[in-house]
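Visitor: Let me see the structure of the following:
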Amino acid sequence: MTGDELPNGGTTAREALEMHLVQALTRCELAAVRDHLEAAIRHCRDLPPTPLVECPLCGCVGLPKRIRLHDCSWRPGHD
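Guide: Numbering: from 1, shown residues only. As a prediction, this is how the structure comes out:
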């Protein structure tokens, strides 16, 4: 996963990963597990952002996957 996939709910893979890590942290009982989850959350938050791209046709800006799948307002023959 690159961070720009859209799992159910319209969140990015990165957002889903952080959500699952935080949920796991709230349920863990062992200190060693808590330490590992906290480190994973820090690393997840420290990941570089996914670069935004612009649709070459309509100028819409967003995550690469969303731009590839968006309903472009530019249509041939429409001004």
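Visitor: quick one: the helix or strand where A24 lies to chain centroid distance?
Guide: Following DSSP states H and E, one finds A24 within helix 13-27. Helix 13-27 sits 12 Å away from the centroid of its parent chain (CA atoms, centre = their mean, to the nearest Å).
Visitor: That helix - contacts with which helices or strands?
Guide: Where contact means 3 or more CB pairs under 8 Å, 6 or more residues apart in numbering; DSSP states H and E, helix 13-27 is packed against helix 31-46. C-beta: built from backbone N, CA, C; applies to glycine.
Visitor: Identify all contacting residues around the helix it packs on.
Guide: Residues outside helix 31-46 that contact it (CB atoms under 8 Å, 6 or more residues apart in numbering) are R14, L17, E18, L21, V22, A24, L25, C28.
Visitor: what's the neighbour count on the closest residue to the last one other than its chain neighbours?
Guide: Closest residue to C28 in three dimensions, ignoring its sequence neighbours and counting by CB to CB, 6 or more residues apart in numbering: R34, at 5.2 Å. The tally of other residues near R34 (other CB atoms under 10 Å) stands at 13.
Visitor: One more: A32?
Guide: Counted with other CB under 10 Å, A32 comes out at 8.
Visitor: again with P49
Guide: P49: 8 surrounding residues under other CB under 10 Å.
Visitor: try the one 5 residues further on
Guide: When neighbours are defined as other CB under 10 Å, E54 has 11 of them.
Visitor: per-residue confidence for it?
Guide: Looking at E54, its pLDDT stands at 91.
Visitor: Same question for the one 4 residues further on.
Guide: What the model reports as pLDDT for C58 is 89.
Visitor: Look up how far S73 lies from it.
Guide: Applying CB to CB, to the nearest Å, the value for C58 to S73 is 5 Å.
Visitor: Who has more neighbours out of these two?
Guide: Each of C58 and S73 has its neighbours counted (other CB under 10 Å); C58 has more, 14 against 11.
Visitor: any idea how far the more buried one lies from P51?
Guide: For C58, the distance to P51 - CB to CB - is 19 Å.
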